[in-house]
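In: Provide a 3D model corresponding to the input given below.
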Amino acid sequence: MNGSRKRALVTGGSGDLGAAICTQLAAAGLHVIVHANTNVTRADAVVAAIQAAGGTAEAVAFDVADAAASRTAMAALLDAGPIQVLVNNAGIHDDAPLAGMNDAQWKRVIDVSLHGFFHVTQPLLLPMARTRWGRIVSVSSVAAVLGNRGQANYAAAKAALHGATKSLAREMASRGITANVVAPGVIAGRMTDGLFTADALKQMVPAARAGQPAEVAALVAFLCSDAAGYINGQVIGIDGGMS
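Out: Predicted structure coming up:
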């Protein structure tokens, strides 16, 4: 049971970065809903780890790009009460130079990151507003700020979150709700391990290393806290000085 704990939903919570975010939010006293698309086993493992550490969590699985499935899932979650913390972390890569990118590659990446943001965020806003307190953090990328070869689709999807978030912040601020973006650079994990040599990282990143999921999660957890209530509509880079 989550008792009187605020509830937090983390989309893409079964991945490396998502798991770190879920862990830190649970440690901060939130009841965490760990979302996965198809890999429910990994979401269950994150839940088990949180529970073993004394926190509370549950897993949920649906495709954020599927409007009907998302609506059904959100309605079921809201039956148990409002969700006051939302971390939009779901996203996929399907890289190719734009000249060689096909229709499916372009649309699926945007469907998950951008349409997924809408499908999950929109139903939660009015219940959140009624509580007069809320935190929405969307995970973008340094690629949305600087661009990156082979990632026009990913950069477009993530950059769109910046504009949506700045608008949402203006709409919801008077209700005690903040909406911000974090834009990580190269973060260690399954998606990036093996892609960059140590020498390549030193050339790309002024900090000369990859970031750790826990470092990004610490920033997200702060933005979701009471202490961050006057930070709103911001895009905050966490990239070792790349941007």
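
In: Low-confidence stretches in this structure?
Out: 1-3, 191, 193-194 (pLDDT under 70).

In: same thing but at 50, please
Out: Scanning the chain for pLDDT under 50 picks out 1.

In: For this structure, which segments count as helices?
Out: When assigned using DSSP state H, the helices of the chain occupy the ranges 16-27, 40-52, 67-78, 103-110, 116-131, 142-146, 152-172, 198-204, 213-223.

In: Quick one: distance of the first one to the chain centre.
Out: On the basis of Cα atoms, centre = their mean, to the nearest Å, helix 16-27 sits 11 Å off its chain's mean C-alpha point.

In: Looking at this structure, which strand is longest?
Out: strand 177-184 (DSSP state E).

In: Single out the most deeply packed of the helices of the chain.
Out: helix 16-27 (a mean of 25; mean count of other Cβ atoms under 10 Å). In short, each C-beta sits where N, CA and C put it, glycine included.

In: Residues touching it, excluding its own?
Out: 8, 10-13, 32, 34-35, 42, 46, 49-50, 53, 55-57, 85, 87, 89, 139, 184, 187-191, 213-214, 216-218, 220-221, 224 (Cβ atoms under 8 Å, 6 or more residues apart in numbering).

In: rerun at 7 Å
Out: Under the contact criterion Cβ atoms under 7 Å, 6 or more residues apart in numbering, helix 16-27 has outside partners 8, 10, 12-13, 32, 34, 46, 49-50, 55, 57, 85, 87, 89, 187, 189-190, 213-214, 216-218, 220-221, 224.

In: Repeat that for stretch 51-69.
Out: Outside stretch 51-69, the residues that touch it by Cβ under 7 Å, 6+ apart are 2, 5, 11, 22, 26-27, 31-37, 40, 43-44, 47, 50, 70, 73, 77, 90, 111-112, 115-116, 119-120.

In: circling back: Asp95 is nearest to which of the helices of the chain?
Out: Smallest distance to Asp95 across these (Cβ to Cβ): 7.2 Å, for helix 152-172.

In: Report how many residues lie close to the residue nearest to Val47 when sequence neighbours are not counted.
Out: Nearest residue to Val47, sequence neighbours excluded (Cβ to Cβ, 6 or more residues apart in numbering): Ala57, at 4.4 Å. Burial measure for Ala57: 26 neighbouring residues, criterion other Cβ atoms under 10 Å.

In: Look up how far Glu215 lies from the closest residue to Ala152 other than its chain neighbours.
Out: Excluding the flanking residues, the one nearest Ala152 by Cβ to Cβ, 6+ apart is Leu98, at 4.5 Å. Per Cβ to Cβ, to the nearest Å, Leu98 is found 31 Å from Glu215.

In: same check, this time on Gly12
Out: Taken as Cβ to Cβ, the span from Gly12 to Glu215 is 17 Å.

In: Pick out the residue closest to the middle of this structure.
Out: Closest residue to the average C-alpha location of the chain: Asn89 at 1.9 Å, with Cα atoms, centre = their mean.

In: count of residues packed around Val112?
Out: 24.

In: again, but for Ala96
Out: 14.

In: my read: it touches Ala152, true?
Out: No. Ala96 lies out of contact with Ala152 (Cβ atoms under 7 Å); the separation is 8.7 Å.

In: Distance from the chain centre to stretch 44-52, please.
Out: For stretch 44-52, the distance to the chain centre is 19 Å (Cα atoms, centre = their mean).

In: Please save the CA atoms from it in PDB.
Out: This file holds the C-alpha atoms of stretch 44-52, laid out as PDB (Å, rounded to 0.1, in the frame of the first residue of the first chain):
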ATOM      1  CA  ASP A  44       9.100  -6.000 -12.100                       C
ATOM      2  CA  ALA A  45      12.800  -6.200 -11.200                       C
ATOM      3  CA  VAL A  46      12.900  -2.400 -10.500                       C
ATOM      4  CA  VAL A  47       9.800  -2.700  -8.300                       C
ATOM      5  CA  ALA A  48      11.400  -5.600  -6.400                       C
ATOM      6  CA  ALA A  49      14.600  -3.600  -5.800                       C
ATOM      7  CA  ILE A  50      12.600  -0.600  -4.600                       C
ATOM      8  CA  GLN A  51      10.600  -2.700  -2.200                       C
ATOM      9  CA  ALA A  52      13.700  -4.500  -0.900                       C
END
